[in-house]
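In: structure here, sequence nowhere to be found:
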């Protein structure tokens, strides 16, 4: 994709209800002991198309398979998604599916939709069923609160152990048309005791047919949500749903649109990595010179996931031996004498051999602090060239701190 | 293999020089700043056969490829191995191979062997070449110290960041024959700043031809060194070498012999996992009911490697959701309704659904302390049945503590 297209898109305040015609709401329905918002609803315009990607885990909540099957059967024609936080509703036996169907039926009835037009996602404690009376009691209130500024409440209501909410909206003028994309997400990796799940939602006010939309979203997810790692664990409930609705767009703008979808998804994905439990900085790894983009992304993910690399970055230690060791076990073939390595703008390895560098300068560069804001400056950049190939890939992760261990070990469920 | 054969083998004091005819030595040769022993030599009897397994990393020290090629070319007929600690001699350009060849030549000359009968292993800092003058100055002294009680000095001289040395010997009477197996190893995962490498050595005073020995050792390594994980990282220098020499044995005792080889290798492998930096206990995961042993071992390794499982065990938290989540991402197919799970003797999941258990009892069971001794009692046992299959596998790991992060982050190279 043409990187200059990225500048067409400006961040605007808002989230999933920024694109025209989308409504959302988020309420308290007594699902969480904390008393925080815990039930969210998104309603898309009546011509909407949805594409989804789901956890690769073979242990999945019933709602995940239901979303997947429904999108397939309806060729993407769904209108709404209900999201509860507090209980993952996974590993609860047959009750998981029964409760999901009951909740969907109640929402569909209130919205005057058929149940097949409604999806559901759950996030929270594995092995805990949803307190269904509380959830069903909340549906009327939830639907009544639906409105075109409801994105913020929805973004709050889907959180579990996240420190900050994760939402963004971008706007571009494509020809004479104002196009908006919005998104929200939750998750800080599957890293909290029993807590699970990355959820992501995207909305867009351009109508795109189901087949093309599915392809676009699959590419976008590969370069965003599939390119982050907090602790290498996959949840039972991971789900990303992308809705579009509205007038169609001239084909010549499709590439620019996909750049916007990618920007939105990458922002959300990076927010999840940045909010990794105990994380102090975002790690961004660029790999170039492979034969396929997948190879490059695979290497980048292995480096981002290495506990040794993550602890070195936490300790501001420009420890290139660990980065090369992670590269070495990637099972992508390359020659060491083609490998060059940079941290920030500092080159540490040239064509396979270490070169002299000012350790203190690199350490200073690595002293990034987590700002929680939409800033590139808190990323530690690692760049690797591994060969003469034309392909490249990027992945994101976070440092590994003692707080990660404390949060995940010393908290007893 | 028949598990009752295990009782034939009794642990005896000693190590690699316990089997008849093997000599070793370990000396100071000013390779390590600490002044500890840093150069080791093993000399096998003149009818010896050696089999080796090596790192899967594509970034390897020159000595690894040299060992591999030499064993292949000589059909296992090598006599001796030189081991230096302090420098991995990896990622140092052409010098790596040149220095390895020089060191081997010096040892061969002093031992009156051809260079092709001598191997070399290096462990220590990646990117640092060996101070060759110091190493070469030490060769005479090293060879002069070779003796039949030298196993202990050698076991000390190969250590880098290990807290304890790792050596063991077993003895069995097979028919009227006394058979001994000895071993030593180093490594606490590739988890120290810039430090790398798991090295393992085994000796046995039964003559076995090269082809059969290679097959035995491959199977044994699969169920021992390839079944441990400290932090998921593979080093540039990982090497395991197994020597045999002596009179041959009746075929009917081969299975019993292999049980002894496995016991020795598992002891060493578990010692490495137990000595994982910051580790307080050994985690032992048994998986049953798969279609292949490899599937079972693969699942067991994924569970042992999960940061979430490792931190939960550190926190004495019987968090079965994390164990199931790790199982779910193993990509081995199974049905959740076939899955049952135990921690120690406490069952937490029966055929896919959580069952009531006394949390405090399980937490008490998990309060294992690292003893550093040859004790089974400091393992936290996790047992999973995942289906009706007949196969099974075991893997070992260690808990993840704040000390791991402190050691790997706060130490600056």
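Out: Sure, I can see it. Predicted model, so just to flag it, every value in this text is computed and none were measured. Numbers count the residues shown, from 1 in each chain, chains lettered A, B, ... in the order given.

In: switch to C-alpha atoms for all contacts and neighbour counts from now on
Out: Will do.

In: so residue A:203 touches residue A:184, yeah?
Out: No - at 9.1 Å, residue A:203 does not count as touching residue A:184 under the criterion of C-alpha atoms under 8 Å.

In: between these two, what contacts are shared?
Out: Applying C-alpha atoms under 8 Å, 6 or more residues apart in numbering or on different chains, one finds that residue A:203 and residue A:184 are jointly contacted by residue A:16.

In: separation between residue A:151 and residue A:143?
Out: From residue A:151 across to residue A:143, the span is 14 Å (C-alpha to C-alpha, to the nearest Å).

In: residue closest to the middle of chain A?
Out: Per C-alpha atoms, centre = their mean, the C-alpha nearest to the average position across chain A is that of residue A:269, at 3.7 Å.

In: and it, what element?
Out: Residue A:269 belongs to helix A:254-274 when elements are defined using DSSP states H and E.

In: now do that helix, average pLDDT.
Out: Per-residue pLDDT over helix A:254-274 has a mean of 93.

In: that helix packs against which elements?
Out: In terms of contact count using 3 or more C-alpha pairs under 8 Å, 6 or more residues apart in numbering or on different chains; DSSP states H and E, helix A:254-274 is assigned the packing partners strand A:166-174, strand A:177-186, strand A:199-204, helix A:210-222, strand A:282-290, strand A:391-398.

In: between these, which gets nearest to chain B?
Out: With respect to chain B, and counting by C-alpha to the nearest C-alpha, the nearest of the helices and strands packed on helix A:254-274 is strand A:391-398 at 13.4 Å.

In: how far does the closest one sit from its chain's centre?
Out: When C-alpha coordinates are averaged (C-alpha atoms, centre = their mean, to the nearest Å), strand A:391-398 and its chain have centres 14 Å apart.

In: and the residue of the stretch 201-350 of chain A nearest chain B?
Out: Closest point on the stretch 201-350 of chain A to chain B, by C-alpha to the nearest C-alpha, is residue A:315, at 4.0 Å.

In: pretty sure that residue is in contact with residue B:409, am I right?
Out: Yes - assessed by C-alpha under 8 Å, residue A:315 is found in contact with residue B:409 at 4.0 Å.

In: possible to save the helices and strands packed on helix A:254-274 as CSV with mean neighbour count, mean pLDDT and distance to chain B?
Out: Compiled in CSV, the helices and strands packed on helix A:254-274 are given as follows (neighbours: other C-alpha atoms under 10 Å in any protein chain shown; pLDDT from 0 to 100; distance: least, C-alpha to the nearest C-alpha, whole Å):
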stretch, mean neighbour count, mean pLDDT, distance to chain B
strand A:166-174, 22, 96, 23
strand A:177-186, 25, 96, 18
strand A:199-204, 27, 96, 16
helix A:210-222, 17, 95, 18
strand A:282-290, 25, 95, 15
strand A:391-398, 26, 92, 13
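
In: closest to residue B:332 out of the ones you listed?
Out: helix A:210-222 (22.5 Å; C-alpha to C-alpha).

In: residues making contact with that closest one?
Out: Identification of contacts with helix A:210-222 by C-alpha under 8 Å, 6+ apart yields A:49-53, A:75-76, A:242, A:258, A:261-262, A:265.

In: which helix or strand in chain A has the lowest average pLDDT?
Out: Ranking every helix and strand in chain A by mean pLDDT, DSSP states H and E puts helix A:402-405 at the bottom, with a mean of 81.

In: quick one: mean pLDDT for stretch A:100-115?
Out: For stretch A:100-115, mean pLDDT is 98.

In: list of residues touching it?
Out: Taking C-alpha under 8 Å, 6+ apart as the rule, stretch A:100-115 contacts A:62-63, A:82, A:117-120, A:132, A:135-136, A:139-140, A:143.

In: buried among these? Need that as a selection in ChimeraX.
Out: Filtering those down to the buried ones (16 or more other C-alpha atoms under 10 Å in any protein chain shown) takes a single ChimeraX command:
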select /A:62,63,82,117,118,119,120,135,136,139,143
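
In: now, the contacts of stretch A:100-115 that are in strands?
Out: Among these, the residues falling in strands (DSSP state E) are A:82, A:118-120.

In: spatially nearest residue to the residue at the greatest distance from the centre of chain A (excluding sequence neighbours)?
Out: Most distant from the centre of chain A: residue A:356, at 38.2 Å, with distances by C-alpha atoms, centre = their mean. Spatial nearest neighbour of residue A:356, chain neighbours left out: residue A:348 (7.1 Å); criterion: C-alpha to C-alpha, 6 or more residues apart in numbering or on different chains.

In: wait, that neighbour sits on residue A:341?
Out: Yes - A contact is recorded between residue A:348 and residue A:341 when judged using C-alpha under 8 Å, the distance being 5.6 Å.

In: what is in contact with these two at once?
Out: In the contact map built from C-alpha under 8 Å, 6+ apart, the residues linked to both residue A:348 and residue A:341 are residue A:320.

In: between these two, which one's more packed in?
Out: The residue with more neighbours, out of residue A:348 and residue A:341 and counting by other C-alpha atoms under 10 Å in any protein chain shown, is residue A:341; that gives 25 against 21.

In: give me every residue that touches that one.
Out: Applying C-alpha under 8 Å, 6+ apart to residue A:341 gives the contacts A:320, A:347-350, A:382-385.

In: in those, which has the lowest confidence score?
Out: The pLDDT minimum for the contacts of residue A:341 sits at residue A:320, where the score is 90.

In: for that one, list the residues it contacts.
Out: Contact analysis of residue A:320 by C-alpha under 8 Å, 6+ apart lists A:341, A:348-349.

In: got it, and residue A:97?
Out: Taking C-alpha under 8 Å, 6+ apart as the contact definition, residue A:97 lies against A:62-63.

In: and it, helix, strand or coil?
Out: helix (DSSP: H, G, I helix; E, B strand; the rest coil).

In: next: residue A:68.
Out: helix.

In: hang on, it packs against residue A:51?
Out: No - in this structure, residue A:68 is not within contact of residue A:51 by C-alpha under 8 Å, at 9.2 Å.

In: for residue A:318, grab the count of nearby residues.
Out: By other C-alpha under 10 Å, the burial measure for residue A:318, its neighbour count, is 25.

In: correct me, but it touches residue A:359?
Out: Yes - contact status for residue A:318 versus residue A:359: in contact at 7.2 Å, counting by C-alpha under 8 Å.

In: what pairs with residue A:83 across the strands?
Out: The bridge-partner assignment for residue A:83, based on DSSP bridges, gives residue A:40, residue A:121.

In: count of residues packed around it?
Out: Neighbours around residue A:83, by other C-alpha under 10 Å: 19.

In: pLDDT at it, what is it?
Out: 98.

In: and it, what is it in contact with?
Out: Residue A:83 makes contact with A:39-41, A:120-123, A:158, according to C-alpha under 8 Å, 6+ apart.

In: and which of the residues you listed is nearest residue B:178?
Out: Each of the contacts of residue A:83 was checked against residue B:178 using C-alpha to C-alpha; the closest is residue A:123, at 61.1 Å.

In: and the helix or strand harbouring the closest one, what does it pack onto?
Out: Residue A:123 is part of strand A:118-125 when elements are defined by DSSP H and E. Contact here means 3+ C-alpha pairs under 8 Å, 6+ apart; on that basis strand A:118-125 packs against helix A:62-73, strand A:80-87, helix A:95-111.

In: tell me which of those is the most buried.
Out: Ranked by mean neighbour count, these are led by strand A:80-87 with a mean of 25 (mean count of other C-alpha atoms under 10 Å in any protein chain shown).

In: how big is the angle separating it from strand A:118-125?
Out: Taking axes from the mean of the first three to the mean of the last three C-alpha atoms, to 10 degrees, strand A:80-87 and strand A:118-125 form an angle of 10 degrees between their directions.

In: let me know the angle separating strand A:80-87 from helix A:62-73.
Out: Direction vectors for strand A:80-87 and helix A:62-73, defined by the same axes, to 10 degrees, enclose an angle of 160 degrees.
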